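Enquirer: have a look at this prediction, sequence included:
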Amino acid sequence: MSDLYWLSDAQMARLRPYFPKSHGVPRVDDRRVLSGIIFINRNGLRWRDAPREYGPHKTLYNRWKRWSDMGVFARIMTGLALEAPDNRTISIDATYLKAHRTASSLRSKKGGRGRLIGRTKGGMNTKLHAVTDAIGRPIRFFMTAGEVSDYTGARALVSSLPAAEWLLGDRGYDADWFREALANKGIVPCIPGRKSREKPVKYDKRRYRKRNRIEIMFGRLKDWRRVATRYDRSPTVFLSAIALAATVIFWL
């Protein structure tokens, strides 16, 4: 197949420092396996439908599941993001990711709450909260059930925000506690006030226009079919799919 995806030597050189050490039997060709994992996630295929050029589909799946559980893909994205920071102005936002019935089935004893899937007006969803750098590249992710408010994501992310001058956010993040938390970190909020506020909040409207970069980032992530639609029951595995997509699109 001419449209198969293959990681380049330069990309592998950047990824390799984040790979876990191999114990005992040497791992199967990392480039081939990781390229296959990326191809599956980007195109939304079942693992059994992986092109034979990538090797046995069980090898791809086992590596994907094992490294996801170990947090390898999340560490890769975070590590690469730290190599070239541009955090003068950061943005925060959230988006819904539709859960397929194979992920949202609640028949198992574990239930659905631990899977971070919730019912919204649009059906069963997971909500992805994100922080991006000045040019719209993701640097932090946090995942909740679909019905969870943006405030919850903000509380989870605020402590790990990088040193920045400005933070852009929509009205959903207009809360006194959040503005105070940003001030304590030396970050100026560029967030319009809610209409219910008695006193209007001043913000830099010209700077606020750049918030569309985080919306563009979400759109590009959703070009990957296993991100736009959640098939994985495990939230850890699904977050790995998001981190892998972000790595390939924005950081390699």
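Expert: That came in fine, so what should we check first?
Enquirer: could you list the domains of this structure?
Expert: 9-70, 85-234 (automatic domain parsing).
Enquirer: need these in JSON lines with distance to L244, can you?
Expert: In short, each C-beta sits where N, CA and C put it, glycine included. Below are the domains of the chain laid out as JSON lines (distance: least, CB to CB, whole Å):
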{"stretch": "domain 9-70", "distance to L244": "6"}
{"stretch": "domain 85-234", "distance to L244": "8"}
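Enquirer: tell me the most buried of these?
Expert: Of these, the one with the most neighbours on average (mean count of other CB atoms under 10 Å) is domain 85-234, at a mean of 17.
Enquirer: list the contacts for R27?
Expert: With contacts defined as CB atoms under 8 Å, 6 or more residues apart in numbering, the neighbours of R27 are V33, R63.
Enquirer: phi, psi for it please.
Expert: phi -70, psi 150 (degrees, to the nearest 10).
Enquirer: next: I135.
Expert: Main-chain torsions, I135, degrees, to the nearest 10: phi -110, psi 10.
Enquirer: same question, R209
Expert: phi -60, psi -20.
Enquirer: now it: how far from T89?
Expert: Distance of R209 to T89, computed by CB to CB, to the nearest Å: 12 Å.
Enquirer: can you check P235 too?
Expert: On the measure of CB to CB, P235 and T89 end up 30 Å apart.
Enquirer: R75 too?
Expert: In this view, R75 and T89 are 25 Å apart by CB to CB.
Enquirer: go on, A99?
Expert: Distance from A99 to T89, by CB to CB: 32 Å.
Enquirer: also I249?
Expert: Look at I249 and T89: by CB to CB, they are 20 Å apart.
Enquirer: for V28, same thing?
Expert: Per CB to CB, V28 is found 43 Å from T89.
Enquirer: pretty sure F218 contacts S91?
Expert: No. Between F218 and S91 there is no contact under CB atoms under 8 Å: 10.9 Å.
Enquirer: possible to save the domains of the chain as a markdown table with distance to G79 and mean pLDDT?
Expert: Shown next, in a markdown table, are the domains of the chain (distance: least, CB to CB, whole Å; pLDDT from 0 to 100):
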| stretch | distance to G79 | mean pLDDT |
| --- | --- | --- |
| domain 9-70 | 5 | 94 |
| domain 85-234 | 11 | 91 |
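Enquirer: of these, which is nearest S240?
Expert: Of all these, it is domain 9-70 that lies closest to S240, at 3.8 Å by CB to CB.
Enquirer: my guess is G79 contacts F19, does it?
Expert: No. Between G79 and F19 there is no contact under CB under 8 Å: 11.2 Å.
Enquirer: show me the strands in the stretch 101-250 of the chain, by range?
Expert: Listed from the start of the chain, the stretch 101-250 of the chain has strands (DSSP state E, counting those that start in this stretch) covering 118-120, 123-132, 138-145, 166-168, 188-190, 229-230.
Enquirer: need the ones you listed in JSON lines (columns: distance to K65).
Expert: JSON lines is the format used below for these (distance: least, CB to CB, whole Å):
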{"stretch": "strand 118-120", "distance to K65": "24"}
{"stretch": "strand 123-132", "distance to K65": "19"}
{"stretch": "strand 138-145", "distance to K65": "18"}
{"stretch": "strand 166-168", "distance to K65": "35"}
{"stretch": "strand 188-190", "distance to K65": "40"}
{"stretch": "strand 229-230", "distance to K65": "16"}
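Enquirer: out of those strands, which gets nearest to M70?
Expert: The nearest among the strands of the stretch 101-250 of the chain, by CB to CB, is strand 138-145 at 16.8 Å.
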